[in-house]
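[1] Okay, sequence plus prediction incoming.
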Amino acid sequence: MTLSSKDSRVVLRPVEEADLDVLLEILREPEVARHWSQPDDEFDRTELLSGDDADGAERVTTFVITSGGETIGWIAGWEKLHPDYRHAGIDLFITARHQGRGIGREAIRLVCRFLFDVRGHHRITIDPAADNDRAIRAYERVGFKRVGVMRRYERGSDGIFHDGLLLDLLPEDLAE
Ligand SMILES: CC(C)(COP(=O)(O)OP(=O)(O)OC[C@H]1O[C@@H](n2cnc3c(N)ncnc32)[C@H](O)[C@@H]1OP(=O)(O)O)[C@@H](O)C(=O)NCCC(=O)NCCS
């Protein structure tokens, strides 16, 4: 499925094998890599593609973020499918050249709409590093609310466990 902003400035399309080299190149940019896990080409290539896990408990849908036909980033919507804890989450990165231009915000809004309207979720979470101010600002602009700090939540690219900030979004929070 292709998702597009009203003015078509941001278009999301499914990730294909042929996209992986460019996406991996963006992921290795210092400005992106420092906000991601430790680099592992094989693991990262698998993560960049869509897929379901073996026991059917989780589904991941991944998109290439494009603007003006150029590949400029990646965004994923993952879904926990257990009926009692059904919810979705998002991960993304954008090449340093295009950061800070509102593209992240637009891509997040498109994937949230997709997860609410097409996949029928009622709650979406996101969990940036607690010091990733740019990401947190972009998520709050979309409507995400702070839930709280998760201490020593995630191992960063420096190999150290850092605090994470959990935010969540309900359909009524989503800014248009
Ligand atoms: C996080 C990311 C996806 C956001 O996308 P983006 O297109 O850069 O974000 P936007 O331009 O939509 O919004 C960024 C907001 O942060 C603000 N901002 C930029 N630098 C900032 C900083 N150092 N501190 C606080 N806010 C900052 C911008 O002004 C903007 O807010 P505004 O629209 O109110 O002015 C992108 O920057 C990125 O890929 N970063 C590297 C990888 C990463 O951190 N991924 C997220 C992991 S959870």
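    Received it, and whenever you're ready, just let me know what you need. Numbers count the residues shown, from 1 in each chain.

[2] how about the helices in this protein?
    Secondary structure of the chain (DSSP state H): helices at 20-27, 30-33, 41-48, 103-113, 133-142.

[3] for the first one, packing partners?
    The criterion is 3 or more CB pairs under 8 Å, 6 or more residues apart in numbering; DSSP states H and E, and the helices and strands that helix 20-27 contacts are helix 41-48, strand 70-80, strand 87-94. Every C-beta, even on glycine, is put in place using the N, C-alpha and C of the backbone.

[4] Buried residues of it, list them for me.
    Neighbour counts over helix 20-27 (16 or more other CB atoms under 10 Å) mark Leu20, Leu23, Ile26, Leu27 as buried.

[5] With the shortest one instead?
    When neighbours are counted by 16+ other CB under 10 Å, the buried residues of helix 30-33 are found to be Val32.

[6] Could you dump the helices and strands packed on helix 20-27 into TSV with mean pLDDT, mean neighbour count and distance to Ile103 added?
    Formatted as TSV, the helices and strands packed on helix 20-27 follow (pLDDT from 0 to 100; neighbours: other CB atoms under 10 Å; distance: least, CB to CB, whole Å):
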stretch	mean pLDDT	mean neighbour count	distance to Ile103
helix 41-48	95	14	18
strand 70-80	97	20	7
strand 87-94	98	20	6
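
[7] Just put the ones you listed in CSV and tack on distance to the ligand.
    What follows is these, written out as CSV (distance: least, CB to the nearest ligand atom, whole Å):
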stretch, distance to the ligand
helix 41-48, 13
strand 70-80, 6
strand 87-94, 4
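
[8] how about those in JSON lines, adding distance to Asp55?
    Output for these, formatted as JSON lines (distance: least, CB to CB, whole Å):
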{"stretch": "helix 41-48", "distance to Asp55": "17"}
{"stretch": "strand 70-80", "distance to Asp55": "12"}
{"stretch": "strand 87-94", "distance to Asp55": "17"}
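
[9] right, so of those, which gets closest to Thr62?
    Thr62 sits nearest to strand 70-80 of all the helices and strands packed on helix 20-27, at 4.5 Å, using CB to CB.

[10] Against which helices or strands is the closest one packed?
    Right, strand 70-80 is packed against helix 20-27, strand 58-67, strand 87-94, helix 103-113 by 3+ CB pairs under 8 Å, 6+ apart.
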